[in-house]
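**Student:** A structural model of the following input is requested.
(one chain, ligands or ions: 1)
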Amino acid sequence: MTDQELVKRAFEMHKFSYVPYSHFPVGAALLCGDGRVFTGCNVENAAYGSTICAERTAVVKAVSEGCREGWTAIANAGQGEDFCWPCGACRQMLYEFAPNLRVLAARGSGEFQVVPLSELLPHGFGPRSLQ
Ligand code: THU
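**Tutor:** Got it, this is the predicted structure:
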């Protein structure tokens, strides 16, 4: 799976985004070491704080299917002019399972940038911090 293909999978999730409030669809595609891809979209809620982002949807799908190791990359696709970087809560959630994950952030034009999660969340708090 190339980076471009992973980004494409993320964009394809826009059609499932439930975004009656923001009208801002986001799609995510999480690549695991065994080649499986877990996708996600944002799902909003009338109680706005209950909204879940596309990245966390993908994380929860992977973990709940027994895949919690060997993640190599996550693609995140927005539709705006800015690259769609994961929010703070999503960075934290990803850090739990894959502190060295590659993050591919795409904008509406389809262009994307790649940055390691360790740069997006330096000095993160993770499982080892509790030892
Ligand atoms: N959102 C995501 O799904 N992922 C991000 O990386 C940033 C924000 C969603 C949450 C909400 O449904 C909408 O985008 C606007 O904030």
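**Student:** Which stretches in the chain count as strands?
**Tutor:** Secondary structure of the chain, counting by DSSP state E: strands at 27-31, 37-41, 73-77, 102-106, 112-116.
**Student:** These: which one's closest to the ligand?
**Tutor:** strand 73-77 (5.5 Å; C-beta to the nearest ligand atom). C-beta here means a position set from N, CA and C on the backbone, and glycine is covered the same way.
**Student:** now the angle from that closest one to strand 27-31?
**Tutor:** On the basis of axes from the mean of the first three to the mean of the last three C-alpha atoms, to 10 degrees, strand 73-77 is oriented at 170 degrees to strand 27-31.
**Student:** Now do the buried residues in strand 73-77.
**Tutor:** Buried positions in strand 73-77, judged by neighbour count with 16 or more other C-beta atoms under 10 Å: 73, 74, 75, 76, 77.
**Student:** which parts of stretch 104-112 are buried?
**Tutor:** In stretch 104-112, counting by 16+ other C-beta under 10 Å, buried: 104, 105, 106, 107, 112.
**Student:** Can you add distance to residue 30 and pLDDT and give those residues back as a markdown table?
**Tutor:** What follows is the buried residues of stretch 104-112, written out as a markdown table (distance: C-beta to C-beta, whole Å; pLDDT from 0 to 100):
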| residue | distance to residue 30 | pLDDT |
| --- | --- | --- |
| 104 | 11 | 98 |
| 105 | 14 | 98 |
| 106 | 14 | 98 |
| 107 | 19 | 98 |
| 112 | 15 | 98 |
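**Student:** check contacts around the residue nearest the centre of the chain.
**Tutor:** Closest residue to the average C-alpha location of the chain: residue 55 at 2.8 Å, with C-alpha atoms, centre = their mean. Residue 55 makes contact with 26, 28, 30, 40, 74, 76, 86, 90, 93, 94 under the criterion C-beta atoms under 8 Å, 6 or more residues apart in numbering.
**Student:** Now that we have these, can you turn them into a markdown table and tack on distance to residue 62?
**Tutor:** Shown next, in a markdown table, are the contacts of residue 55 (distance: C-beta to C-beta, whole Å):
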| residue | distance to residue 62 |
| --- | --- |
| 26 | 17 |
| 28 | 11 |
| 30 | 6 |
| 40 | 9 |
| 74 | 10 |
| 76 | 15 |
| 86 | 15 |
| 90 | 13 |
| 93 | 11 |
| 94 | 11 |
